[in-house]
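Trainee: Sequence and predicted structure, then a few things I'm wondering about:
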Amino acid sequence: MPSEFGPAELAERVWLRAPSLWPAAMVAVSSADGGVGRSTLVAALGGVLALAVPGPVIAIDMHPVPWGGLDDRIGRTSAGTVWDTVRDLARLTSRREVERWTQHGPAGLLAIVGETEGQGRRPPRHDEAAAVVEMVRRLYPLTLCDVMPALITGVWRTLSVAHAPVLVARATTDSINHTLRLLAHLRAAGYSPVTDRVVLAVVATSPDVGREVRAVLQQAAGVAASVVSVPFDAQLARPEPVDPRRLRKATRTALVQLADAVTERCADPGRTPPIRVRGDGA
C-alpha cells in the first residue's frame with residue numbers, strides 16, 4: 001500500500017479487498033449534467049485503483065463528442081483512441097490487441113481515450129462504445145467507463161450492468177439537486193437497483209463550500225447509497241495528467257473513500273479475505 005494514501009485502516013481495507021473483485025468487474029461513471037469533472041474523477045479514481053488492484057485496470061472514454069474526456073487527464077503516449085477499438089472490435093480478444101490503442105497514466109491506469117473528428121475518424125455512438133466495453137472488460141480485472149450524462153436509456157443500461165454505478169455532481173445546490181432528480185427518475189423508470197447501490201461523488205469547485213450546499217448534501221445522503229465529497233484541489237482544475245499520489249492530502253483521502261465504496265460493490269464476498277481492523281485484538 002503506497003504511503004501517500006490514508007487513513008491507514010481505510011486504505012488497508014481497499015488494498016486487501018482489491019484482489020478479490022468479481023470477474024470482469026465494472027465501474028460506470030456518469031452524471032446528471034455535463035461539465036462536472038467526470039473525466040477528471042475517472043482518471044483520479046482509476047489511478048488509485050490501478051495502484052491497488054494486482055492486475056491492470058483500464059478506463060474507456062465512451063463520450064460521443066469530439067472534445068474533452070480522458071485525453072488531457074491521462075496523457076498521450078500513442079495515437080490510439082476509442083475509434084481504433086470500434087474499428088477493430090472483432091480483434092479485441094487479448095490484452096495485447098487492446099493495448100495497441102491504450103494510453104498509460106502516471107499511476108499505471110490504462111486508458112482508451114476519446115476521438116476527435118477528422119480524416120474519416122469520429123467519436124463512437126454510445127452503442128458502439130458499449131460494444132467495446134463488453135469486449136474489453138472480459139480481459140481485465142477492473143474496467144472504468146467514462147460515460148456521457150445519463151440523458152438516454154443506453155446510459156441507464158450501462159449504469160445498471162455496472163457493479164459500481166457512480167454519479168458525479170458539482171458541489172453546488174443546482175448540480176446536486178439535478179442528480180437527486182435523476183435518481184428519482186431512474187427509480188420511477190424501473191432502475192431501482194441502480195439507485196440502491198449508486199455512489200454519489202460531489203466535487204468542490206472552490207475552496208469554500210457554502211452552508212446551503214452542505215444542507216443539500218445531507219439530503220443527498222438520505223437518497224444515494226453512498227456520498228463522497230471531493231474537496232477542491234488546484235491540481236485537478238488543471239488540464240493535465242492526474243497522478244493521485246501528488247494531490248492534496250484531503251483529496252487523496254476522499255479518493256480512498258471513493259475507492260472503498262467502489263471496491264465494496266465490485267468485490268466477490270466469497271473471495272474477499274477477512275479484513276482485520278488494527279487494534280481489534282485478533
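Mentor: Structure's in. What do you need? Residues are numbered from 1 along each chain as shown.

Trainee: The most centrally placed residue in the chain: what's it in contact with?
Mentor: Geometric centre of the chain, nearest residue: Val42, 3.9 Å, by CA atoms, centre = their mean. Shown in contact with Val42 (CB atoms under 8 Å, 6 or more residues apart in numbering): 29, 59, 70, 73, 144, 146. (Each C-beta comes from the backbone N, C-alpha and C, glycine too.)

Trainee: Next, it: phi, psi?
Mentor: phi -60, psi -40 (degrees, to the nearest 10).

Trainee: What score does it have for pLDDT?
Mentor: If you check Val42, the pLDDT there is 98.

Trainee: and the longest helix along the chain, what does it pack onto?
Mentor: Counting by DSSP state H, the longest helix found in the chain is helix 249-266. Packing partners of helix 249-266 (3 or more CB pairs under 8 Å, 6 or more residues apart in numbering; DSSP states H and E): helix 8-17, strand 25-31, helix 38-52, strand 164-170, strand 199-203, strand 226-230.

Trainee: Distance to Leu92 added to these, as TSV?
Mentor: Shown next, in TSV, are the helices and strands packed on helix 249-266 (distance: least, CB to CB, whole Å):
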stretch	distance to Leu92
helix 8-17	28
strand 25-31	16
helix 38-52	19
strand 164-170	23
strand 199-203	28
strand 226-230	32
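
Trainee: for those, which one sits closest to Gln103?
Mentor: helix 38-52 (10.5 Å; CB to CB).

Trainee: Which positions in the longest helix of the chain come out as buried?
Mentor: Within helix 249-266, the residues that count as buried by 16 or more other CB atoms under 10 Å are 251-266.

Trainee: my guess is Ala259 contacts Arg13, does it?
Mentor: No. Applying CB atoms under 8 Å as the test, Ala259 and Arg13 come out as separate, 9.6 Å apart.

Trainee: Off-centre distance for stretch 235-253?
Mentor: Here the centre of stretch 235-253 is set off from its chain's centre by 15 Å, with CA atoms, centre = their mean, to the nearest Å.

Trainee: Ends of stretch 102-114, what's the gap?
Mentor: 11 Å (CA to CA, to the nearest Å).

Trainee: so who does Val147 touch?
Mentor: Val147 neighbours (CB under 8 Å, 6+ apart): 28-30, 38, 62, 155, 158-159.

Trainee: how close does it sit to Val133?
Mentor: Note on Val147: its distance to Val133, by CB to CB, to the nearest Å, is 9 Å.

Trainee: between those two, what contacts are shared?
Mentor: 62, 158.

Trainee: what's the closest residue to Ala25 other than its chain neighbours in contact with, if anything?
Mentor: In space, and not counting its chain neighbours, Ala25 is closest to Cys266: 4.1 Å by CB to CB, 6 or more residues apart in numbering. Shown in contact with Cys266 (CB under 8 Å, 6+ apart): 21-22, 25-27, 142, 163-164.

Trainee: if I look at Cys266, how far off is Leu142?
Mentor: Distance of Cys266 to Leu142, computed by CB to CB: 7 Å.

Trainee: Now do the shared contacts for these two.
Mentor: 21, 25-27.

Trainee: mind listing the strands for the stretch 101-250 of the chain?
Mentor: Taking DSSP state E, counting those that start in this stretch, the strands of the stretch 101-250 of the chain run over residues 103-104, 110-112, 142-146, 164-170, 199-203, 226-230.

Trainee: Among those, which comes closest to Arg91?
Mentor: Among those, strand 110-112 sits nearest to Arg91 (CB to CB), with 13.8 Å.

Trainee: tell me the mean pLDDT for the closest one?
Mentor: Strand 110-112 shows a mean pLDDT of 98.

Trainee: about what we covered before: how close does the residue nearest to Ala25 get to Glu99?
Mentor: 22 Å.

Trainee: per-residue pLDDT, Gly210?
Mentor: 84.

Trainee: what about it, neighbour count?
Mentor: Residue neighbour count, defined by other CB atoms under 10 Å, stands at 12 for Gly210.

Trainee: Over to Glu134?
Mentor: 15.

Trainee: Equivalent analysis for the one 10 residues further on, please.
Mentor: As a burial measure, Leu144 scores 33 neighbours (other CB under 10 Å).

Trainee: ok, it - contacts?
Mentor: Counting by CB under 8 Å, 6+ apart, Leu144 makes contact with 26-29, 42, 45-46, 49, 57-60.

Trainee: list the contacts for Gly68?
Mentor: Applying CB under 8 Å, 6+ apart to Gly68 gives the contacts 39, 114.
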